[in-house]
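Peer 1: After the sequence you'll find the predicted model.
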Amino acid sequence: MSWSKIGLLSIIAIVSVPGDTSAEPISLPVFTGGTITEAAEKAIAFISDQSKRAEGTSLRLTKSRVSTPDFCRNLREEVNGLYISSLSGYRQCYKEQQELGALDFPFLANDWGRARQLLNGPMGLAVAESFSKRGVHVLNFWDGDIRVFSSKTRIASAKDFKGKKVVAPPTFASSTAIAQSGGTRVPLPFAEIVPALDRGLADAADVPLTFFSRELTDVHKSVLLSNHSLDPFVIAAPIKTIESLLPWQRGFLESIVRQSTAYQIREAQASLTKSLSYLKDRGVTVAPLTGDAAVSFRTVRLAEVSSQNAQVVFARAAPSIRAAAVLQAQGETLVPYWKVFFVTNRTVVKKTFSTGYSTNLSYGQADIEFDFDGPLNMPAELQQGVLQGLVRFGKKGSGISVDWARTSPTPFPDGFARVPPAMPAKAPLLYVHGFANTFDDALRRAAWTGWNAKRPVVAFAWASQGKGTPGDYRIDQETADKSREMLALLLDRLGHEYDTRTDVDIVVHSMGARLTLGALEALDNKNVPGKALKFRQLVLVAPDVASESLKKSWKSLIKYFENKATLYISDHDLALGISREFMNPDEGPRAGLAPPVLIADNIESIFIGPNDFSFTGHSYHVANGVIADDIFEVLRYGTRAQERRGSGLSPSGQGYYELRRLENP
């Protein structure tokens, strides 16, 4: 998924009347230290502004600019607050934490889209793991400034540095890049760079683009956009601060950090465009780091030196992170793979799950490739508890790798889903896909849900035809109905893992609602004596079932769930519009399509408004944005709609909730 597309999404929040929370208001300072870019400043203002607008969260975030020593002292003493600084700024606070040098390698990424892929991988996890050792939780990463080489004469490749004196910081990335290119680093503080260049004490400079645009355009007229040294911003908070918050406060904090990250990335891209236009007007020649130029810098010797340093930097990281991070430091392209457990009634043809229906179930697991440049939320959690082992890193291009050695008709072992209730939830969630999904589609969507919710996920990949014709729709309906007893077997196992509370959730999309409700009804009709089924909540996304049918069945099924159901509804869902008008014209309104918005006891209906940019308006749960934010908050904390970011009844007063866009600050 391209972050450039996601970046077009407006910053959005839920707006409505205050929820009824009894918590005393909490004010958290947003501590900032070191140099903050314009884009980061705007994102910090966004955080503060959104916390003021959102009613009912009992959480206020206010910027508090402090000196670097005070920033570090507050962090080390775990003073309550949100902390935002560049990674290099945090390294001044924790000089002994060598893993904080995870991004300090030359020429890792020539732009921040590629850099975000690194932060989604072992290097980013190494940073998060290092913070965790000091009692600090990393919430997200923001784009840093672009690093450039500048000179009076043209710089386009490594050979242009031979014999040159370069003003540069003492980082490993800058020092190594210059030394391996035949240059000599001249150590000077920022305040002395301009006078030194004026006096001819150095030939070139290694500086952030913002600094160059502000200070050096009269001195140097050639710039190489190398981004050879990465210094992202890190948004973090003491673990004890996070744990002191109530569920809806934690959900609000995570949500506002996600939204501010999208906002900051967009502003950073706009700032880069603005800077390049300014440099052009000032007569500065700007050269990108082209393929040939990149090769000239990334020599065998550079890789060897980077590998040697990586062995030191990542020596104390978890073994799985250490091995992959060393490869990344050498220039290897690695992407994350997320493990999905699956249960399917598809037939197997030459080690491929086909569209054919089988009367037998297959149980197994697969690794799903994630190749995208969007930010990774809550990275520290990936190395904790039940999530360990769910993510691995490998070369790009494997797509979906089914572990055929572990695929069998034998059900998952007893206790598979027996994970104690926690905040946020870590028990497995069950994902049931909809119409026109292939086996791979089902696993990708399940993986996306588990990855973002930071939970193990089980995909029930029933034998959909994977095609969107009217004939295939009818076949899928019949197959979904035939699959009810098979899904009931899985629900029976997952729902009987607990004696008391449970965090096991069920997420259904489209026609998956028809199948899931039918399976629950089948279990209900059996009325087998003994311990009752128990799940935490049911989340219905664009359900392709009749509204009256859902209301009727839910009355008897709510007893199996601790929480009310959450229903997401759209008025521009093309697939459900066709379902209502042409495929199921005698059934009346569809539960996932407005108007009308379905109102029923023990169902919290969320009208998504104009907040979907997908082609059909039907699969909005698998794209970043406000809808996914709300879904993941439900899955992580099980919060009621009136608690999530201050949401409450919509202005219509009709008993449903509404996601509504807000203007950017």
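Peer 2: The structure has been received and is ready for your questions.

Peer 1: So what touches stretch 295-315?
Peer 2: Under the contact criterion C-beta atoms under 8 Å, 6 or more residues apart in numbering, stretch 295-315 has outside partners 98-99, 101-102, 104-107, 126, 157-159, 172, 176-177, 180-181, 226, 228, 289, 321-322, 325-326, 329-331. Any C-beta I mention is one placed from the backbone N, CA and C, and that applies to glycine too.

Peer 1: repeat for stretch 512-528
Peer 2: Taking C-beta under 8 Å, 6+ apart as the rule, stretch 512-528 contacts 432-434, 460, 462, 477, 480-481, 483-485, 487-488, 491-492, 495, 506, 508, 533, 538, 540, 543-545, 549-550, 553-554, 556-557, 560, 591-592.

Peer 1: Tell me the backbone dihedrals of residue 517, please.
Peer 2: phi -60, psi -40 (degrees, to the nearest 10).

Peer 1: Please apply the same query to residue 460.
Peer 2: Torsion angles, degrees, to the nearest 10, at residue 460: phi -90, psi 100.

Peer 1: by contact count, what packs against the strand ranked longest in the chain?
Peer 2: Selection of the longest strand in the chain by residue count, based on DSSP state E, yields strand 353-369. The contact analysis (3 or more C-beta pairs under 8 Å, 6 or more residues apart in numbering; DSSP states H and E) places strand 353-369 against strand 334-348, strand 391-395, strand 400-402, helix 439-453, helix 484-495.

Peer 1: The fourth one: which residues count as buried?
Peer 2: The neighbour-count criterion (16 or more other C-beta atoms under 10 Å) identifies 439-453 as the buried residues of helix 439-453.

Peer 1: Could you do stretch 468-483 as well?
Peer 2: Buried residues in stretch 468-483 (16+ other C-beta under 10 Å): 472, 473, 475, 476, 477, 479, 480, 482, 483.

Peer 1: what separates the last one from residue 345, distance-wise?
Peer 2: Applying C-beta to C-beta, to the nearest Å, the value for residue 483 to residue 345 is 6 Å.

Peer 1: what touches both of these two?
Peer 2: What both residue 483 and residue 345 touch, as defined by C-beta under 8 Å, 6+ apart, is the set 357, 462, 463.

Peer 1: quick one: low-confidence ranges for the protein?
Peer 2: Scanning the chain for pLDDT under 70 picks out 1-24, 55-57, 372-374, 497-500, 527-531, 612-614, 624, 645-653, 660-665.

Peer 1: All the helices of the stretch 51-200 of the chain, in order from the start?
Peer 2: Counting by DSSP state H, counting those that start in this stretch, the stretch 51-200 of the chain has helices at residues 68-76, 87-93, 112-119, 122-133, 172-180, 190-198.

Peer 1: which of these is buried the deepest?
Peer 2: helix 122-133 (a mean of 25; mean count of other C-beta atoms under 10 Å).

Peer 1: Mind giving me the packing neighbours of that one?
Peer 2: strand 136-142, strand 233-238, helix 319-329.

Peer 1: same thing but at 10 Å, please
Peer 2: Judged by 3 or more C-beta pairs under 10 Å, 6 or more residues apart in numbering; DSSP states H and E, helix 122-133 is in contact with helix 87-93, helix 112-119, strand 136-142, strand 233-238, helix 300-313, helix 319-329, strand 334-348, strand 391-395.

Peer 1: Switch these over to JSON lines; also include distance to residue 404.
Peer 2: JSON lines is the format used below for these (distance: least, C-beta to C-beta, whole Å):
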{"stretch": "helix 87-93", "distance to residue 404": "41"}
{"stretch": "helix 112-119", "distance to residue 404": "29"}
{"stretch": "strand 136-142", "distance to residue 404": "36"}
{"stretch": "strand 233-238", "distance to residue 404": "40"}
{"stretch": "helix 300-313", "distance to residue 404": "34"}
{"stretch": "helix 319-329", "distance to residue 404": "22"}
{"stretch": "strand 334-348", "distance to residue 404": "9"}
{"stretch": "strand 391-395", "distance to residue 404": "17"}
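
Peer 1: I'd like to know which of these is closest to residue 67.
Peer 2: helix 87-93 (11.2 Å; C-beta to C-beta).

Peer 1: Residue 538 belongs to a helix?
Peer 2: No: with DSSP: H, G, I helix; E, B strand; the rest coil as the criterion, residue 538 is strand rather than part of a helix.

Peer 1: Give me the neighbour count for it.
Peer 2: By the measure other C-beta atoms under 10 Å, the count of residues near residue 538 is 26.

Peer 1: got it, and residue 222?
Peer 2: Residue 222, neighbours per other C-beta under 10 Å, totals 18.

Peer 1: who are the neighbours in contact with it?
Peer 2: Residues in contact with residue 222 (C-beta atoms under 10 Å, 6 or more residues apart in numbering) are 149-156, 160, 204, 284-287.

Peer 1: please redo it, this time with the cut-off set to 8 Å
Peer 2: Per C-beta under 8 Å, 6+ apart, neighbours of residue 222: 150, 151, 152, 153, 154, 155, 284, 285, 287.

Peer 1: With respect to residue 198, which of those residues is nearest?
Peer 2: Using C-beta to C-beta, residue 152 is the member of the contacts of residue 222 that sits closest to residue 198, with 11.2 Å.

Peer 1: Hmm, residue 223 and that closest one touching each other?
Peer 2: No: the criterion here is C-beta atoms under 8 Å, and residue 152 misses it with residue 223 at 11.2 Å.

Peer 1: Show me which of those two is the more surrounded one.
Peer 2: residue 223 (26 against 13).

Peer 1: Name every strand pairing with the host helix or strand of the more buried one and say which way it goes.
Peer 2: Applying DSSP states H and E as the criterion places residue 223 in strand 222-225. Strands that pair with strand 222-225, judged by DSSP bridges, come out as strand 147-151 (antiparallel), strand 285-288 (parallel).

Peer 1: Next, the buried residues of stretch 352-361.
Peer 2: 353, 355, 357, 358, 361.

Peer 1: If the first one is in a bridge, with which residues?
Peer 2: Beta-bridge partners for residue 353, by DSSP bridges, are residue 348.

Peer 1: before we move on, the earlier item: just give me how far the strand holding residue 223 sits from the chain centre.
Peer 2: Centroid separation for strand 222-225 versus its chain: 32 Å, with C-alpha atoms, centre = their mean, to the nearest Å.

Peer 1: Alpha carbons of it, as PDB, please.
Peer 2: Extracted in PDB, the C-alpha atoms of strand 222-225 (Å, rounded to 0.1, in the frame of the first residue of the first chain):
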ATOM      1  CA  SER A 222      25.200  22.700  -5.600                       C
ATOM      2  CA  VAL A 223      23.200  20.200  -3.500                       C
ATOM      3  CA  LEU A 224      23.000  16.400  -3.500                       C
ATOM      4  CA  LEU A 225      19.800  15.100  -2.000                       C
END
